[in-house]
Each structure stands twice: as C-alpha cells, then as structure tokens.
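>>> Got a sequence here, can you model it:
(chains A, B and C)
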Amino acid sequence: MRLISIKKKKLVSIILTVVVGLTLILATGIAGLSQEKVTLVFRQNDPPASAVGLSDAVAEFDRNHPNIKVKYEVVPWSDALNQFIREAGVGAGPDVLQSAFVWTMDLAKAGTLVKLNPLMEQYPLPYGIEDFVAVDLGMLDEGIYGIPWTTDTFAITYRKDFFAEAGIVGFPDDSWSHFKQVAKKLTRDRDRDGVIDQYGFAFPAGSGSTGGMWFLVNYFIWSHGYTFMKQAADGTWGLGVDAKAIAEAMRYFNSFFEENISPRSLIAIDNWSDPELIYGLAKGDFAMGFMPPQSFRAVMDANPEAPVSSAQVPAGRVTRRTHLGGRTLAINKNTKHLKEAWELLKWMCSEHVFETYYRQQFSAQKTLLEKITYGPEYEGYVKLIPQAQTFHTYIISPVRVQTMWALTNREFAAVYSGQKSIETASEDLIREIKEALEEAISES
Amino acid sequence: MLQKIRDLFIVIVTFIIIGLILFPFFWMIVSSLKPSTQLLTRELQFIGTQLTLKNYHGIIEVGFFHFILNSILVCTTATIICVGFIASPAAYAISRYRFSGRSSILAMVGFTQMFPWVILVTPVFMIFWALHLVNSYVGLIVVYIAITAPFSIYMLVGYFETIPKALDEAAVVDGCSPLGTIFRVILPISLPGLVATSAYTFAITWNEFIFALTLMTQTEKKTVPVGLANFLGQYTTDWGIVMAASVVATIPTAIFFLLLQRHLVAGLAVGAVKQ
Amino acid sequence: MSGARVRWRKAGGLHGARFYGYTLVLPAIALLIFFFFIPSFYNVELSFHKISLFETVRGRGKFVGLENFAKLIRDPEFYNALKNTTFWLTGATVGLRLLLGFVLALLLNSTALKRWRLADVGRILVFIPWGVPPVVAVTIWKWMLHSRYGVVNLIFQRLGLIQQPIFFLTDTSVVWISIILVIVWRELPFAVVTFLAGLQSIPQELYEVARIDGAGWFHELRYITIPLLKPVITIVAFMITIWTFNNFVYVWLFTRGGPGNFTHVLGTKVYFESFVNYKIGYGATFGVIMTVIMMVFALVYFSTLFKRSVNV
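Sure, this is the predicted structure:
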C-alpha cells in the first residue's frame, strides 16, 4: 500500500516537473511570437561606469522607431569573444555587437559578420565612410565588416601641481631619457620618514597576457624605428626588431624599478585602470601615469580637486608614435532584420549620440573629433590620436596579436621580477616570436 | 573546575580560528561602507572615518537585486531536484543493492569530475540552443542539476555507507518495505548528510559562473556571479561597489546555512539502533 | 550480518533488487551521459585536430592525429604545470583542508561548545567563506595581500615583524603560499561541514560506553571517531583531490599563471591555450591528459583505500 502511494508521489512530481517545464518553454516561445515588433539585440562589453548614457541612447532609438524594440545586453570583455563565437556557430547571437579593433578581421574571416558595403550604398552614413579612422581594421578583401565606433590611445597623465612644485616647465616628451630624468626628480619622500611616498612614474608592469606593458613597449620600439612584425617588399614576413633593441627597452623600463622611480608593487598590476594606478595619481602617490582616456576620467572622478592633465608620450630617436585602439560595431550574420540592425548601427555612430549620451568616448570619425570639444586636460590625447597608428600590420601578419602581446608582457615581467636576466629575456622573446612566425607560416 | 578550564580553552581556540577565518569578510563589509577614495590608503583604518551607503545605492541602481532573485530561483530549484530526486535514489541504490554494473556506475560518476568544466561549455551551448533552452530558467536549472548530481551522489553514498546495514535489516524484520525503509529509517538518520549535500550543492550553483554567463545573456535573467563580473571592467573598477555587491552576494547563502544548520544537530540518529 | 546484502523477499528477491537498483539510478545516468560523456568525446575529437577558436564557427580544422600529444610531451610548460598542479595546488591544499577541517569539526562538535551553547553560533560562522563567490574571495585576498595597501602587510609592519613589505603576489618565494591561503580559506567550510555531519551520525552510546570503560579523549578519537569516519574521509579526500586538480578559477583570477609562467597549472593551461592563444585543439589535449591522469588516480584509489574503508 505504502509502496504504491510513494511511487505515485514520485510519478506525480515527475509529471509536475515536466508540465511546469513545458509550460515555461511554451510561454517563452509564445511571448516571442506574439510580438509584431522587430526585436533587435544590441550588445556592448563595458561595465556600467564606462558605458554611461548608452542605454539612454538605445532608449531614444526605441522611441523614434515604434515598430522596433531594442534589447540592451552586456557581456564582459573577458568572455565577449568566446561567447560570440559560440553563438555564431549555432545561429544565435546579438544583432549589433561591439567588437575590439583586433578581433573584427578574424571574425569576418570566420564568416560571422555581415558585409556592410551594400548597406552603405543603399543607406549611406551621414559623413561617409572616409570620415572614419582605422577603417582598414574592419576590412577583409575590400569588404567592410565593422564600422569603427570609438577610438582611444594611451597618453602620459600627470599632476600639474607636482611639476610646478619642482619647477619643471614644459613637458619632457622630447626624449625617453629626459622623461626618466624628470620622473626621477619628481620622486620624493615628502614626510621624511625614510619611505618614498611620491613616485615619479606608474605603469602596469604585470605579466598578464592582456596587460598594459605591451603598449608601452610598442611605443618605445616604434619611436626608435623598430616594430614587431614587418612585411618585406616581396611579401615575406619577418621581425622588425632584434634582441638588442628589446634589451634596450627592458633596460630602460627596469631602471625605473632599480632606481626606485616606480614601486615594485607595479609588477603585480596588469590592468591600466587598476585602483593603485588610478587612485595613486588622484591622491598624489604618483606624479605621472600611463593610461587611456577612460581611466584618466576615473582619476578625475576620484579626486576632482587634483590638477591633472595629459601629455604626449616621449619621442624616441626616430619619431613619436602611439597605437590607435578602439572598438568597432558590426552586424551578426545570423541577424534576421538586416535593415533595422543597420539603422541601429548608424544611430549609435551618430553625432547626436556622441554629443548627448556617449560623452565618455572619443568618436572614430574625424569630423566629430573636431566638432565635439573636450576639456584642456585631454590635450595629450587629442594631439596623439591623429598621429597614432593601428595594429593593422600586426593583425594581418601570420602571428596573432594576442600571442605577441602575451609573450612580451611575460618576458618583460620576468626581468622586473628578477627571474631572468635582460640578455636571456630579450633573446627568448625574439626566439619565441620567430618560432610563432615559423609555425604560423608552415600551417598556412 | 578543571573541566571548566578545559572548556574555556577549547572555546577560545575555536573562536580564535573562526575569527581569523572571518576577518576577510569583516574587511569586505568595512570596505563596502567606505567611499572609494578612502579605500586605498597606507594608514591602518579598521572602521574608517567616513561611512557611507553610496555603494549600496549604486548596486541597487544597476538592478543587482534582480540578479539575486534569479540566483535564488535557479539554485534552490536545482538543489531540491538534484539532491531529492536524482542523487538520493541513485546513492541509495549504489549503497544498498548489489547489481551488475554497480562499480562501473560509480566509476562513471567519478569520471564526470575528472576534467575541467571549461571544456563542456561549447558543446552544451550548442545542444541547448537547438533545444531552445538558452536564456531560459529551465535550461540553467537542468545544467546545474547535471553538474552537481555526480558530487551529490558520491557524498550521499558516503553517508549512506556510514549507516549500519543492521538498521535496514532491523527495519525489514519490523515489516518495512524497501521504500518504506528509505523514508522511515535511512533518510531521517542521514539527514545531516542530506543537509550537508544540499548545502554544498546550493553553494556550487550559487557561485557557478561559466554556464550562467554562457546560457543567460539577457540582463534580466543574469545570476549573481555574472552580475558581479560586470563590475570588474576592463577600464575601470569601482571597488566600493564590488565590495558592496560581494557582501550582498554572500548573504543569501549565509541565510540558507542559518536555516539548515539546525538539522545538522544529531539527536535523530540516537533512536535508531534500538531492539 | 555485516557485508551481507539485504534481501527483501517481499519485493521478489534478487530480481526485484536489481530492478529497483536500475530505476533509481537511471535519471542520474541519463544526465551524466548527456552532459559529460558527449561533450568529452567532442573534446577528445578536438585534441586530434589543429583548430583555432575562430575556426570552430564552421568546420573542424585540420586532422593531425597524435601530433598535439607529441607536442605536449616535448613542452616544458606541461611539466611545469603538472608539478605545480600536483604538489602546490592539490597536494598542499587537500592536506591542509583535511587536517584543519577535521580539527575544526571536532572543536565545533565538542561538548565544551555545547555546554556553553556556542555550537550553533560557531557552525553558522564557519560556513561564511563558502558563501563567497570565488571571484570575490580572490579579490578580497588580493587586496588584503597587496604590497602597499594590503592590510596584512600593514599589520605586519605595524607589529614590527617585517621592515619591507612582502610581495605576496609577485615574489616567487611566497606566491604559492598566497594562492594556497585563498583556496584553503574558501574551501575549508566544505571539509568542516562534511566531517561535522559525519560526526553527528556516530551514535552517542558508543562514546558513553567508552567513557564508562575509562577511555580518554585520545582513545575515543583513535578507536571510535576515526574508524567510523573513514568512509566519509575517504570520499571527501577523493572528491576534493579531483576537483582541486582540475581547478583553474583560483589561479587564473589570482595570478593568471604568473609571474611569467611560475604558477601555471594544468587547468589554466587549458584555458590559456584555448582562449588566449586560440589553439583549441592544443588546449583540448591538455584536457585529455588531465582526464587520463585523474582516471589512473581514481583506479589506484578505488582498488586500495576505497574498497578497504567503504566495503564496496
């Protein structure tokens, strides 16, 4: 008797679960069908603090288009690429997505993005595609697959009051050695307790595979006329830098630690917006820092009283060059509403959105960069962006940018932490990149 | 008198250990009440001079409580179904019955734990997309049941084995049917074990990140760990908010344990081996 | 009667038992096949291919047979990760958890606490690290161990124990200690809870009888508590070993395998090769090797300890 009743109980609960499950599935399905509206999904990858105003921009688009409903999604950067690839393979994914500059070409190659040229002809962009910088990053075989949306670069950010205090006039961006000299002058023990409390320069020196050291190294070697990947006239790829040049860079940056111009705790920091860097500059633990505009804004938010400004990075023997980074907007090939997605994309790139909502970022359009005024503190960035170069050469080279990025950070950090000598590390780095190049070439 | 000193000693040692264990949590709470500028300082400030609730306002604005509700729904359902309906029957069968393939089933269960979950995500996503279970509570619940079932079975086998077979036989002699034995004899005694297993299952699902991230991309369906990750951005991290969110993320599990820990008290096992 | 299987005549003898056995296990087996076996076959297949993350969108990359495995055996980073995983990640943390967990469980179950009515409070408090998501745990500890602003360094310096701050995150002589600290801190409650539950299931009469016989606490421990807890200890040790061996979250969030390659473990290598280097095939190879190692471990474990203490 008990046997049956207990079996019955189990049976009932199983049926209940199934019924509930089916109902939920059906409910979601029916809810989807009952909408006559077109539903679009817009996905971006920045946390709320960096994406202020975006959801409002989307909301206005909704209001202007009564037959379109846009869902606003956020997937963090660390997982964004993997997630999209997973979805693209099965026919899922957002309609309009934000993509890093360095991913767009690879995503296009994998067949996940819509070729935008026909759309651009039918429903043209307000200032035309020529108005955009870094278009080449979104191109594949003459087709354009991503529209550059925002752009940024890294500049030196500094405390004007410390410069004035030390009697330094003008910014030492004429050479790297001058820069270090000034940084050393700005390193002080203010309260004379034997411990340095104002360091001259702060930079992310960590070994992480997406850490900020990569940018600093590239700026240094570019300014000396070197580069990681170089394509010869006959089309063959090779390294544009040798162990000696790398060793020079390692020696330079390592000296900041040896001469106590930078604290060794920076070796643990990968991210350029780590609180130690941001608040350090805001509170005056550092005289100078190295960061993109979003992080610079965080410094100003952290301490509105602190007189900070931005300046160009030092020039080397040959020139001064920073990288042009940024984000593109692309359309998923799995989209079911191509025309509406394109309208949304154009809207997000519009002057109105950048002026009213998305004020934290620099637009990737030359006209808008001129039209929209940024404060005098941004002078460093505003000067650098027109001279900056994208990682285009690296991207089209056989070796993946991520690979070089990870190797560079690792070898430099090995020197800082005393694990390797400069000779060994510089030779290792060159050798590893050469091996990656050979492997990549042999595979194609 | 001697006993009192011994007691005192044990109590003090225990609470020193517990104090050390809890210090990080205390630090988390204290930090969540400080404004961001005060967080990074070389002065040793335990409580700080300016307390503020600004961080908690911040997480409410972003809809963090919605994440908590999602997590509660998904994790509680998964735990109940997993421990009650999947793991207990299986563990009982493995512990009490002899049937061919028993060892290999145990081995299979163990096998599922033997590789990193990172590998599972892509194929699971593909299958679930085909079944329309992406961005659906049912989908995530099923995943959580699947990933916690093996461990639950293993733990419950351990607990069931601790119960002497003599009890089963005593029950049979008393006139109990097999399922009656389960419900009237074994389960009450193993209640501590069931509770421990449920608590562990709940904790695993509460903190699970990868599947929640992959299967729930819509903001209103996200769970707590995914919501938290949103705050740790690439360019900026507001540590005050992260600490506040962390405190809030820890509370439901703490409440869950609080409610269940009564059942960890013995008392029930005593009456069993009579006769 | 111990060791003999219980037979229920009412249910039709052995035949009935087998029927019950299978039906009770069926839902679990179905889930396992669906969730674990199918994806792991997919993973094995990946390990035989040279395929990049982007190529997974369509197509399967190039079939290369055992080439990935040959590459793995020649890779010094594999051996580095293996060493780290075995000794530091798994060995140290499992040992500490078993020991400290057992001690804490005994303390929390002690009559001393019960007399003072502090047992409940103690138990609740001990569970708290468990409720903290790993991301949060790592974040807090990274912060507490920060070389300039971390409270640990500040306290040590204030107490005069050290002059210069300790670089917990980047100094290769202490970085593993930091990682082990985080893992044990967060995972200890599990061991405590399971041991506690096990202790609760031991009938009180046994202790009373022993006490009447004049046994001290050490005797009770050695002849009653530990033997009766053996099944629980064995299973717990087994599961946390396997789980820790495969773990990647803690090391990845804490150091990303750094400084340099110093703290890379097998789990982080899978993630690194698959999602940072985009070599999904090679990453899958690491995954397969990890599974094989664990299977061998399980086999050895099963045939020795498990059989002896669990009476399987």
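>>> rest of the way, CA atoms for contacts and neighbours
OK.
>>> Name the helix or strand of the chain that has the lowest mean pLDDT.
This is for chain A. helix A:2-33 (a mean of 56; mean pLDDT, DSSP states H and E).
>>> Following the chain onward from that one, which element is next?
Using DSSP states H and E, the helix or strand that follows helix A:2-33 in sequence is strand A:38-44.
>>> contacting residues around that following strand?
With CA atoms under 8 Å, 6 or more residues apart in numbering or on different chains as the test, strand A:38-44 has contacts from A:67-75, A:94-98, A:337, A:340-341.
>>> do the same with stretch A:257-271
Counting by CA under 8 Å, 6+ apart, A:183-184, A:187, A:199-208, A:210-213, A:256, A:413, A:416-417, B:234-235, C:146-148, C:167, C:169-170, C:259 sit against stretch A:257-271.
>>> among the residues you listed, which are in helices?
The helices, defined by DSSP state H, take in A:183-184, A:213, A:256, A:413, A:416 from the contacts of stretch A:257-271.
>>> Chain C: which of those is nearest?
Nearest to chain C among those, counting by CA to the nearest CA, is residue A:413 at 6.6 Å.
>>> Confirm for me that that closest one is in contact with residue C:259.
Yes. Counting by CA atoms under 8 Å, residue A:413 does reach residue C:259; the two are 7.0 Å apart.
>>> Now for those two: what residues contact both?
Joint contacts of residue A:413 and residue C:259 (CA under 8 Å, 6+ apart) are A:206-207.
>>> Report whether residue A:239 is found in a helix, as I expect.
No. Applying DSSP: H, G, I helix; E, B strand; the rest coil, one finds residue A:239 to be strand, outside a helix.
>>> So it sits against residue A:232, correct?
No. At 10.0 Å, residue A:239 does not count as touching residue A:232 under the criterion of CA under 8 Å.
>>> the more surrounded of these two?
Set residue A:239 next to residue A:232 and count neighbours by other CA atoms under 10 Å in any protein chain shown: residue A:239 wins out with 15 against 10.
>>> Mind checking which of the contacts of strand A:38-44 are buried?
Taking 16 or more other CA atoms under 10 Å in any protein chain shown as the criterion, what is buried in the contacts of strand A:38-44 is A:68-75, A:94-98, A:340-341.
>>> Next to chain C, which bits of the stretch 201-350 of chain A? Give me the list.
Within the stretch 201-350 of chain A, the positions lying close to chain C (CA under 8 Å from any CA of the partner chain) are A:206-209, A:265, A:267-268.
>>> Highest neighbour count among those?
Busiest of these [other CA under 10 Å] is residue A:207, holding 34 neighbours.
>>> Find the residue ranges of the stretch 151-275 of chain B scoring beneath the pLDDT cut-off.
By pLDDT under 70, the low-scoring segments of the stretch 151-275 of chain B are B:178-183, B:231-238, B:257-258, B:260-275.
>>> And the helices in it?
B:165-174, B:178-181, B:187-189, B:191-207, B:210-215, B:224-231, B:239-260 (DSSP state H, counting those that start in this stretch).
>>> With mean neighbour count and distance to residue A:303 as added columns, please give those in a markdown table.
As requested, the helices of the stretch 151-275 of chain B are arranged in a markdown table below (neighbours: other CA atoms under 10 Å in any protein chain shown; distance: least, CA to CA, whole Å):
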| stretch | mean neighbour count | distance to residue A:303 |
| --- | --- | --- |
| helix B:165-174 | 16 | 69 |
| helix B:178-181 | 18 | 68 |
| helix B:187-189 | 18 | 60 |
| helix B:191-207 | 25 | 35 |
| helix B:210-215 | 22 | 34 |
| helix B:224-231 | 24 | 20 |
| helix B:239-260 | 21 | 15 |
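>>> closest one to residue A:351 among the ones you listed?
Nearest to residue A:351 among the helices of the stretch 151-275 of chain B is helix B:224-231; the distance by CA to CA comes to 27.6 Å.
>>> got the angle for the closest one vs helix B:191-207?
Relative orientation of helix B:224-231 versus helix B:191-207 (axes from the mean of the first three to the mean of the last three CA atoms, to 10 degrees): 30 degrees.
>>> what are the C-alpha coordinates of helix B:224-231, in CSV please?
Presented in CSV, the C-alpha positions along helix B:224-231 are these (Å, rounded to 0.1, in the frame of the first residue of the first chain):
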residue,chain,number,x,y,z
VAL,B,224,24.7,37.0,-9.1
PRO,B,225,28.3,35.9,-10.2
VAL,B,226,27.7,37.1,-13.7
GLY,B,227,26.3,40.4,-12.4
LEU,B,228,29.3,40.8,-10.2
ALA,B,229,31.7,40.2,-13.1
ASN,B,230,30.0,43.1,-14.9
PHE,B,231,31.5,45.5,-12.3
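>>> what does it contact?
Residues contacting helix B:224-231 (CA under 8 Å, 6+ apart): A:46-48, A:74-76, B:64, B:67-68, B:70-71, B:206-209, B:212-213, B:237-238, B:241-242, B:245-246, B:249, C:133, C:135.
>>> tell me how far it is from the chain's mean position?
Centroid displacement of helix B:224-231 relative to its chain, using CA atoms, centre = their mean, to the nearest Å, is 18 Å.
>>> Compute the inter-axis angle for it and helix B:239-260.
170 degrees.
>>> quick one: which of the ones in helices among the contacts of stretch A:257-271 is nearest to chain B?
Distances from chain B to the ones in helices among the contacts of stretch A:257-271, taken as CA to the nearest CA, are shortest for residue A:213 (14.7 Å).
>>> Count the neighbours of the closest one for me.
With other CA under 10 Å as criterion, residue A:213 counts 29.
>>> Rebuild the helices of the stretch 151-275 of chain B as JSON lines, extending it with distance to residue A:397.
Below are the helices of the stretch 151-275 of chain B laid out as JSON lines (distance: least, CA to CA, whole Å):
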{"stretch": "helix B:165-174", "distance to residue A:397": "69"}
{"stretch": "helix B:178-181", "distance to residue A:397": "68"}
{"stretch": "helix B:187-189", "distance to residue A:397": "64"}
{"stretch": "helix B:191-207", "distance to residue A:397": "40"}
{"stretch": "helix B:210-215", "distance to residue A:397": "31"}
{"stretch": "helix B:224-231", "distance to residue A:397": "33"}
{"stretch": "helix B:239-260", "distance to residue A:397": "39"}
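>>> A strand includes residue A:336, no?
No. According to three-state DSSP, residue A:336 belongs to no strand; its state is coil.
>>> circling back to that earlier point, which two among the residues of the stretch 201-350 of chain A next to chain C are spaced furthest apart?
So, these by CA to CA: farthest apart are A:209 and A:265, at 18.0 Å.
>>> Compute the distance between whichever residue of the stretch 1-150 of chain A sits closest to chain B and residue A:53, please.
Closest to chain B within the stretch 1-150 of chain A is residue A:47: 5.0 Å, counting by CA to the nearest CA. Distance, residue A:47 to residue A:53, using CA to CA, to the nearest Å: 12 Å.
>>> try residue A:132
22 Å.
>>> how much space is there between the residue nearest the centre of chain B and residue C:251?
Chain B has residue B:203 as the residue nearest its centroid, 1.7 Å off, counting by CA atoms, centre = their mean. For residue B:203, the distance to residue C:251 (CA to CA) stands at 20 Å.
>>> what do you get for residue B:81?
Noted for residue B:81: a distance of 32 Å to residue C:251, by CA to CA.
>>> If you count surrounding residues, which of the two has more?
residue C:251 (23 against 17).
>>> Give me the secondary structure label for that one.
Three-state call for residue C:251 (three-state DSSP): helix.
>>> before we move on, what about residue C:157?
helix.
>>> tell me what the top helix by length along chain B is packed against?
Of all the segments assigned as helix in chain B under DSSP H, the longest by residue count is helix B:2-32. For helix B:2-32, the packing partners by 3 or more CA pairs under 8 Å, 6 or more residues apart in numbering or on different chains; DSSP states H and E come out as helix B:239-260, helix C:93-109, helix C:111-115, helix C:119-127, helix C:134-144.
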